[in-house]
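*Asks:* got a predicted structure here, sequence first:
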Amino acid sequence: VCGNAKCEPPYETCVNCAEDCGKCETLGCIDILMCSLKCIGPGGVPSITCVANCVSKGCADVQYFYDQAFTCALKAIPSCGGPNISCLMGKCSKEVAACMGAKCK
């Protein structure tokens, strides 16, 4: 219950209840990407809620570059045999490099 001065995950987060959980730290592109990659299950399907929570913590200036890198990673999952982060980062090296170079203002 938001407003009871107690952060109660997974239902309350800094995104939906800053009053109890504190203000969210603003994440840059690579941090959003790494957070989102952890949301991909064994079958290669990401948890939409988990991804949305990661993206909501990012600044608007990096969202385009994040989207390019995450979309590439999702497309690469079958050829990587699942959500293998090192393989995904290798297959999407150009997109990940652009993401790393994107900065929050």
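*Replies:* Perfect, thanks for sending it. Numbering: from 1, shown residues only.
*Asks:* which residues touch the spatially most central residue of the chain?
*Replies:* In the chain, the centroid-proximal residue (C-alpha atoms, centre = their mean) is Ser36; its distance is 2.9 Å. By C-beta atoms under 8 Å, 6 or more residues apart in numbering, the contact list for Ser36 reads Pro46, Cys50, Val51, Cys54, Val55, Tyr66, Phe70. Yep, even glycine has a C-beta here, placed from its N, CA and C like the rest.
*Asks:* name the residues that touch the longest helix seen in the chain?
*Replies:* Ordering each helix of the chain by length in residues (DSSP state H) puts helix 63-80 first. Outside helix 63-80, the residues within contact range by C-beta under 8 Å, 6+ apart are 29, 32-33, 36-37, 40, 44, 46, 51, 55, 58, 83, 87-88, 91-92, 95-96, 98-99, 101-102.
*Asks:* after it, which helix or strand is next?
*Replies:* helix 85-91 (DSSP states H and E).
*Asks:* helices or strands up against the strand or helix carrying Ala97?
*Replies:* According to DSSP H and E, Ala97 maps onto helix 93-101. Counting contacts by 3 or more C-beta pairs under 8 Å, 6 or more residues apart in numbering; DSSP states H and E, helix 93-101 packs against helix 29-37, helix 63-80.
*Asks:* so for Ala18, which of those sits nearest?
*Replies:* Across the helices and strands packed on helix 93-101, Ala18 has its closest neighbour in helix 29-37 (17.9 Å, C-beta to C-beta).
*Asks:* same question for the closest one, mean pLDDT?
*Replies:* Helix 29-37 carries an average pLDDT of 93.
*Asks:* next: stretch 73-87.
*Replies:* Averaging pLDDT along stretch 73-87 gives 91.
*Asks:* fine, thanks again, bye for now.
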